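**Student:** Based on what follows, work out the 3D shape:
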Amino acid sequence: MHRNTLLFTAFLAIVAALLIGFNLGRTIPQQASTNALPTQITTPSPTFAYLVGSTCGVSFQYPNTLTPMESSTSGTVFANLSHPDGSVIVVCQKDIPGIALPADKIESMNIPVASGTASVSARLYHDTSAKDGSPTDKLMFTHPKTGLDVYIGGFGPVFTQFITTLKLL
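**Tutor:** Just a heads-up that it's a prediction; the model follows:
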């Protein structure tokens, strides 16, 4: 067989193997992450309880009106099914780009470590939605243990409760 024919056949075999691998990867069911399962805790509020969750190496409290919709090792979406505007998203990955906003719309925060010995600086961006101009807040920081950037987005009292209870694991 000629050398060019052999190289072309090898190239086609590699492409076929990749395509078959991608298609098999789509059909294999993903194992659900157990790190975002809620745990009931007691609070003095009789109207609704708070749940404790963790993902991306952080722990937090969220009201039981939020439901973890999608969960993986790279983040979780917490949605309020009756009021979609009360949803919160937590994502962690490498190199999340910063948000270009004026300095008066950026607030510095410190996220405590669960052991209470240190904290990590974070930036809280007060932005508006490009779709309809509604307010949206975005908290971003780099997790010191994993080296991943953590992005938490939402707005309103649910988001405020969420970020005030954040602790690094």
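**Student:** Spatially central residue for the protein, please.
**Tutor:** V91 (1.8 Å; C-alpha atoms, centre = their mean).
**Student:** is it true that it touches H143?
**Tutor:** No: with contact defined as C-beta atoms under 8 Å, V91 does not reach H143; the gap is 11.9 Å. Where you see a C-beta, it was placed from the backbone N, CA and C, and this is true even at glycine.
**Student:** got any residues that touch both of the two?
**Tutor:** 56, 150 (C-beta atoms under 8 Å, 6 or more residues apart in numbering).
**Student:** buried set for the lengthiest helix in the chain?
**Tutor:** Longest helix in the chain, counting residues (DSSP state H): helix 3-27. By neighbour count on 16 or more other C-beta atoms under 10 Å, the buried set for helix 3-27 is empty.
**Student:** could you give the mean pLDDT of it?
**Tutor:** What helix 3-27 shows for mean pLDDT is 73.
**Student:** Strands of this protein, residue ranges please.
**Tutor:** 39-40, 50-55, 58-63, 67-72, 75-79, 88-93, 106-112, 119-128, 135-142, 149-154, 167-168 (DSSP state E).
**Student:** of all these, which lies closest to I14?
**Tutor:** strand 88-93 (28.2 Å; C-beta to C-beta).
**Student:** Just give the number of residues close to A79.
**Tutor:** Neighbour count of A79, defined by other C-beta atoms under 10 Å: 17.
**Student:** what pairs with it across the strands?
**Tutor:** Beta bridges link A79 to T67, judged by DSSP bridges.
**Student:** could you list every residue that touches it?
**Tutor:** A79 touches 66-67, 69, 87, counting by C-beta under 8 Å, 6+ apart.
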